[in-house]
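Participant: need a structure here:
(one chain, ligands or ions: 1)
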Amino acid sequence: MATDETTLPTTEDQWRVRLTPAEFRVLRQAGTEAPFSGEYVHTTTEGMYRCRGCGAELYPSDTKFDSHCGWPSFDDAIPGAIREIDDRALGMLRTEIRCARCDSHLGHVFRGEHLTAKNTRHCVNSLSIRLDATTA
Ligand SMILES: [Zn+2]
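Facilitator: Numbers count the residues shown, from 1 in each chain. Below you'll find the predicted structure:
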């Protein structure tokens, strides 16, 4: 992936150059990585999870929790960082979440599961995010 995150691609062809094929499939084509396959499923390192498409700050590591669902899960996001869209793709209504800055697909958000006090689970593909670890 390109290190220059200041200018955003304007076409899908530009995104294709910028991302790996696996990243492109998830971020730009709303793909889903296989459960328990992502690099951040069990990560507990402190830091900031950023959008892999544009570098925007999305999830502080203290919002991450172990949901046992196979994908990194967060119960809150940086205010304004996430956009929610109705997704009826699988014959049911789910809520897709995208990066508000670059419109890349992140995953889905689920509410009412009572997994955390905030009662919210942002189920995010590891390929959609990159951890910016806090350096002590
Ligand atoms: Zn983004």
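Participant: centre of the chain versus stretch 26-36, how much separation?
Facilitator: Computed by C-alpha atoms, centre = their mean, to the nearest Å, the separation of stretch 26-36 from the middle of its chain amounts to 10 Å.
Participant: and if you look at stretch 55-66?
Facilitator: With C-alpha atoms, centre = their mean as the basis, stretch 55-66 stands 9 Å off its chain's centre.
Participant: That stretch spans what distance, first to last residue?
Facilitator: Stretch 55-66 has its terminal residues 24 Å apart, counting by C-alpha to C-alpha, to the nearest Å.
Participant: next one: stretch 33-53
Facilitator: 16 Å.
Participant: what about it, average pLDDT?
Facilitator: Averaged over stretch 33-53, pLDDT sits at 97.
Participant: quick one: buried residues of it?
Facilitator: The neighbour-count check on stretch 33-53 (16 or more other C-beta atoms under 10 Å) flags 33, 38, 40-41, 43, 47-53 as buried. For the C-beta atoms, the positions are set from N, CA and C on the backbone; glycine is no exception.
Participant: Please dump those into a markdown table; it should also carry distance to the ion and secondary structure for every row.
Facilitator: Output for the buried residues of stretch 33-53, formatted as a markdown table (distance: C-beta to the ion, whole Å; DSSP: H, G, I helix; E, B strand; the rest coil):
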| residue | distance to the ion | secondary structure |
| --- | --- | --- |
| Glu33 | 17 | coil |
| Gly38 | 17 | coil |
| Tyr40 | 16 | coil |
| Val41 | 21 | coil |
| Thr43 | 19 | coil |
| Gly47 | 17 | strand |
| Met48 | 13 | strand |
| Tyr49 | 11 | strand |
| Arg50 | 8 | strand |
| Cys51 | 3 | strand |
| Arg52 | 8 | coil |
| Gly53 | 4 | coil |
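Participant: Roughly how far does Asp12 sit from the ion?
Facilitator: To be clear, residue 12 is Glu; Asp isn't right here. In this view, Glu12 and the ion are 14 Å apart by C-beta to the ion, to the nearest Å.
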